[in-house]
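J.: predicted structure and sequence below. I'll ask about it afterward.
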Amino acid sequence: MSNLKILVGCKRVIDYAVKVRVNSAKSAVETANVKHSLNPFDEIAVEEALRLREKLGNNVVKEIIALTCGPPKSQEQLRTALAMGVDRAIHVEVGKNDSETTNTLQPLAVAKLFKAIIEKEQANLIILGKQAIDDDANQTGQMLAGLLNWPQATFASKMEINGDKLTVTREIDGGLETISSKLPAIVTSDLRLNEPRFVTLPNIMKAKKKPLEKFTPEQLKVDVTPRLENISVTDPPVRKGGTKVDSVDDLISKLKSAGALE
Amino acid sequence: MYYSYAPKIISQRVLQLSGKNLFTRNNFVLSNISKKVQLNLLRNFATIESNTSGAEIPAKKHAPTKEVNFTTDKYTYLRRKNFKEACIPFLTQDDIKFFTSILPANGLIIDKEDDLMPYNIDWMRKYRGKSRLVARPKTTQQVSQILKYCNDNKLAVVPQGGNTGLVGGGVPVFDEIIINTNNLNQIRSFDPISGVLTCDAGCILELLDGYLAERGYMMPLDLGAKGSCHIGGNVATNAGGLRLLRYGSLHGSVLGLEAVLPDGTILDNLSTLRKDNTGYDIKQLFIGSEGTLGIITGVSISTPRRPRAVNVAVLGFNSFQNVQKAFLTSKDELSEILSAFEFWDINALKLLKAHNIHGKKFPLEDNYPFYVLVEISGSNKSHDDEKLQNFLEKLLTNEIVTNGVVAQDDTQITSLWSLREGIPEACSKAGAVYKYDISMPVPVLYQMVKDIRIRLQSAGVLGEDKLVSDVIGYGHIGDGNLHLNIVAKSYDPKVTNLIEPYVYEWTEQHKGSISAEHGLGLMKADYLGYTKSPPMISLMKQIKQSIDPNGIMNPYKFLPTQ
């Protein structure tokens, strides 16, 4: 295919290095005053789109668009994608702040919003992160493929495009699987697909002038009402401290009494 | 001197490329404890074990990877002072009885070569003492009893913390008894309103910072050796480090100290007051005294609020002139949120690449003569972002900066910092490192590196296959502090004579200090005169004489011997 229009998903999530805290109502994790970043798998998706263009040239990859669904602040993450090298960005505003978005926006609704934008933009290669590190849902890519009735290649650790043929290597239990399909298609990125670049100063400045369009779910005629009810969120059990033993014999008897040794 | 660079001290927070739970956030506190702490724990465990094993005869079972020469073989002019010899058979049964009555078996190492080794040798493997006795007290009372005994019997002692010093101040020269603060490791109190932390001297800096992080605060100092250095050692050496630019030196943040004088007197000045104008400020004497006046056993320190938003950028520059311009611009545009302004030269970057310290790919593809890491930290991210944008824009439009990268998440922040923090390790992998730590006016800061290069070049010793392979400059622009590292094949007298006292004379000429943050220790004791006047040194000697008349505290160091 000589006219690739790539659309990448960019979700705003709590930074991977932040230690999350469950809120007092046990309904969600605290998002206020917590550092947010671009979902690492989405960052890999952006990087892959840019590398495809660098490899295939501007004649093949005509445009790369970043799309996010989230609160007003998710434009920060779109700016990151733009600074990395994406051409323009689209923001579908859902929720007034991080906690509202997290509580209401679910993968099916996101997939529907993506479908609406993809049809509007006539994009033909969609690269998404395999999952977001906040809800670990791992559903949007697959649902989107279903809604569009397009082929999907999930957990990609390597991808190549030759004409309108897409070849993807996937990481599966105990090995690798290589599959191919025709475009248009949906790819979800795994960790080993690439290592994202740093954002450079000149590109940050350029990104400020790149277009960023905004939509609401209503404009796209998508119902984003949650279908699932979140009952509760709890901390994992606290790890109990170990004990010191005085001798090997002591260790063996302790292991025996714990049932670890016969 | 505690601003040191223990190997692999950088917290491992980069995305691991293997393992299943790649982005999980649990066990964060654990993963923040560096390998060196774990090693220390192991070492302590090993000591306990061998002490209870009952083996009496010391044997050189396994030689270390590279034998470290005794300090006395290198510093041949040093003469042992007239102390009682602290080794068997000179230590009598009564002496041994005294120590065993005060300390439990795991708090004492006597005459066991292998166990003594890690206490006798500094981490750079540059200095090696001959101590036969290590005492590891658990309480201030024990420290007091031990010091009194040593003073009465004229036994010399060397106080030791995490043994991460760079100038040989924390290891013995002859047979001084080592008093190590490893077991003085309790946090005594923390006031969440004032942010004042009171703790034992042997608390490890990184563990204290982790403790404070859970409470929204942080230690006002941060250094490469955080995973092993003790807060008592930090205070005793007035350690500087990465946060000094923003939070000032320990002379400001330490509010009180508990210290034991050589005669056993416990000076309890663990004040938590920010304001106290009564009498001479004795604690200031102990801050930076390098264990020559007494042993610090407790510290109360004012800790700042942990910033909620941190941004890091690494910039490439074509000249040192532009680095200075950028620093000025940062004062203008970033002012109160600026928290670090570090620089390194292309030689440092090449070493990082050659020794693969950074591991990952480098943020800037092209090479630049100079690199700067700017960190800002504040309480409001969007406010900080805007300021950083303005700053960077100004640098670009004025053509001060050529290129740069801005971290987009915490992982990238860690990755960028690991560049700067990896330099000392890269140097030590390249060979024997002559480390100089000099403060001076910023405009002449890099001139010293150039001058040294010219000097070594004209002497014909600088080059790939020659005695000296590289001369590297990096450091804290914000504090006017240069780290000059000269990488040599080995510690060769020919090289040493070319560098010293040239470096010190150069520093004196440019009105700098021969020790910005590493301290004097053994390495620079005799060079104090390059920075301090004779009347000042004479007063220092009087102070030392009045507090430690027998001179048992960390002898041969800190003050000129000649």
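T.: Happy to help now that I have it.

J.: from here on, contacts and neighbour counts on C-alpha atoms
T.: Will do.

J.: from chain A, which residue is nearest to chain B?
T.: residue A:200 (4.1 Å; Cα to the nearest Cα).

J.: dihedrals phi and psi, that residue?
T.: Backbone torsions for residue A:200, taken as degrees, to the nearest 10, come to phi -90, psi 160.

J.: which residues does it form beta bridges with?
T.: residue B:405 (DSSP bridges).

J.: list the contacts of the closest residue to chain A within chain B.
T.: Closest approach between chain B and chain A, counting by Cα to the nearest Cα: residue B:405, at 4.1 Å. Residues near residue B:405 by Cα atoms under 8 Å, 6 or more residues apart in numbering or on different chains: A:198, A:199, A:200, A:201, B:313, B:314, B:315, B:363, B:364.

J.: near the residue of chain A closest to chain B, how many other residues are there?
T.: 21 (other Cα atoms under 10 Å in any protein chain shown).

J.: wouldn't it be in contact with residue B:406 here?
T.: Yes. The criterion here is Cα atoms under 8 Å, and residue A:200 meets it with residue B:406 at 6.4 Å.

J.: buried sites along the helix or strand harbouring residue A:55?
T.: Using DSSP states H and E, residue A:55 falls within helix A:40-56. Neighbour counts over helix A:40-56 (16 or more other Cα atoms under 10 Å in any protein chain shown) mark A:40-50, A:52-53, A:56 as buried.

J.: what residue ranges in the stretch 451-562 of chain B score low on pLDDT?
T.: Applying pLDDT under 70 to the stretch 451-562 of chain B flags the ranges B:562.

J.: all helices of it, in order?
T.: Listed in chain order, the helices of the stretch 451-562 of chain B (DSSP state H, counting those that start in this stretch) span B:493-499, B:502-509, B:534-547.

J.: for the stretch 101-250 of chain B, what lies in contact range of chain A?
T.: The stretch 101-250 of chain B comes close to chain A at no residue, as judged by Cα under 8 Å from any Cα of the partner chain.

J.: mind listing the helices for the stretch 101-250 of chain B?
T.: Using DSSP H, counting those that start in this stretch, helices in the stretch 101-250 of chain B cover B:113-120, B:140-152, B:205-213, B:231-236, B:244-247, B:250-253.

J.: got those as TSV, with mean neighbour count columns?
T.: Below are those laid out as TSV (neighbours: other Cα atoms under 10 Å in any protein chain shown):
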stretch	mean neighbour count
helix B:113-120	20
helix B:140-152	21
helix B:205-213	20
helix B:231-236	31
helix B:244-247	18
helix B:250-253	18
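
J.: possible to save those as JSON lines with mean pLDDT?
T.: Output for these, formatted as JSON lines (pLDDT from 0 to 100):
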{"stretch": "helix B:113-120", "mean pLDDT": "93"}
{"stretch": "helix B:140-152", "mean pLDDT": "96"}
{"stretch": "helix B:205-213", "mean pLDDT": "96"}
{"stretch": "helix B:231-236", "mean pLDDT": "97"}
{"stretch": "helix B:244-247", "mean pLDDT": "92"}
{"stretch": "helix B:250-253", "mean pLDDT": "96"}
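
J.: need the ones you listed in JSON lines (columns: distance to residue A:212).
T.: Shown next, in JSON lines, are the helices of the stretch 101-250 of chain B (distance: least, Cα to Cα, whole Å):
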{"stretch": "helix B:113-120", "distance to residue A:212": "60"}
{"stretch": "helix B:140-152", "distance to residue A:212": "64"}
{"stretch": "helix B:205-213", "distance to residue A:212": "38"}
{"stretch": "helix B:231-236", "distance to residue A:212": "50"}
{"stretch": "helix B:244-247", "distance to residue A:212": "37"}
{"stretch": "helix B:250-253", "distance to residue A:212": "47"}
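
J.: between those, which one is nearest to residue B:99?
T.: Minimum separation from residue B:99 across the helices of the stretch 101-250 of chain B (Cα to Cα) falls at helix B:140-152, 7.6 Å.

J.: now for that closest one, which elements pack on it?
T.: With contacts defined as 3 or more Cα pairs under 8 Å, 6 or more residues apart in numbering or on different chains; DSSP states H and E, helix B:140-152 has these neighbours: helix B:93-102, strand B:254-260.

J.: let's see that with 10 Å instead.
T.: helix B:93-102, strand B:133-135, strand B:157-160, strand B:177-180, strand B:254-260, strand B:266-269, strand B:295-302 (3 or more Cα pairs under 10 Å, 6 or more residues apart in numbering or on different chains; DSSP states H and E).

J.: give me the angle between the last one and helix B:140-152.
T.: Here strand B:295-302 runs at 140 degrees with respect to helix B:140-152, directions being taken by axes from the mean of the first three to the mean of the last three Cα atoms, to 10 degrees.

J.: next up, the contacts around residue B:288.
T.: Residue B:288 is in contact with B:1, B:233-239, B:250-251, B:517-520, B:558, counting by Cα atoms under 10 Å, 6 or more residues apart in numbering or on different chains.

J.: any idea which element it lies in?
T.: Per DSSP H and E, there is no helix or strand for residue B:288.

J.: and what of the one 4 residues further on?
T.: Per DSSP H and E, residue B:292 falls between elements, in no helix or strand.

J.: just residue B:310 next, same as before
T.: Using DSSP H and E, residue B:310 falls in strand B:309-317.

J.: is residue B:444 in contact with residue B:480, as I believe?
T.: Yes. Residue B:444 lies in contact with residue B:480 (Cα atoms under 10 Å); the separation is 9.4 Å.

J.: who's more crowded, the two?
T.: Counted by other Cα under 10 Å, residue B:444 and residue B:480 do not tie: residue B:480 has more neighbours, with 18 against 13.

J.: now residue B:277: which helix or strand?
T.: Assigned by DSSP H and E, residue B:277 falls within no helix or strand.

J.: interface residues of the stretch 251-400 of chain B facing chain A?
T.: Contact residues, the stretch 251-400 of chain B versus chain A (Cα under 10 Å from any Cα of the partner chain): B:308-310, B:313-315, B:360-364, B:379-382, B:389, B:392-393, B:395-396.

J.: quick one: the helices in chain A?
T.: Ranges of helices in chain A, per DSSP state H, are A:40-56, A:75-84, A:98-104, A:107-121, A:140-148, A:201-209, A:248-257.

J.: in JSON lines: those, plus distance to residue B:334 and mean pLDDT.
T.: Shown next, in JSON lines, are those (distance: least, Cα to Cα, whole Å; pLDDT from 0 to 100):
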{"stretch": "helix A:40-56", "distance to residue B:334": "28", "mean pLDDT": "96"}
{"stretch": "helix A:75-84", "distance to residue B:334": "20", "mean pLDDT": "95"}
{"stretch": "helix A:98-104", "distance to residue B:334": "28", "mean pLDDT": "87"}
{"stretch": "helix A:107-121", "distance to residue B:334": "39", "mean pLDDT": "97"}
{"stretch": "helix A:140-148", "distance to residue B:334": "41", "mean pLDDT": "97"}
{"stretch": "helix A:201-209", "distance to residue B:334": "17", "mean pLDDT": "91"}
{"stretch": "helix A:248-257", "distance to residue B:334": "57", "mean pLDDT": "89"}
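
J.: now these as a markdown table including distance to residue B:319?
T.: Shown next, in a markdown table, are these (distance: least, Cα to Cα, whole Å):
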| stretch | distance to residue B:319 |
| --- | --- |
| helix A:40-56 | 32 |
| helix A:75-84 | 26 |
| helix A:98-104 | 43 |
| helix A:107-121 | 47 |
| helix A:140-148 | 48 |
| helix A:201-209 | 18 |
| helix A:248-257 | 62 |
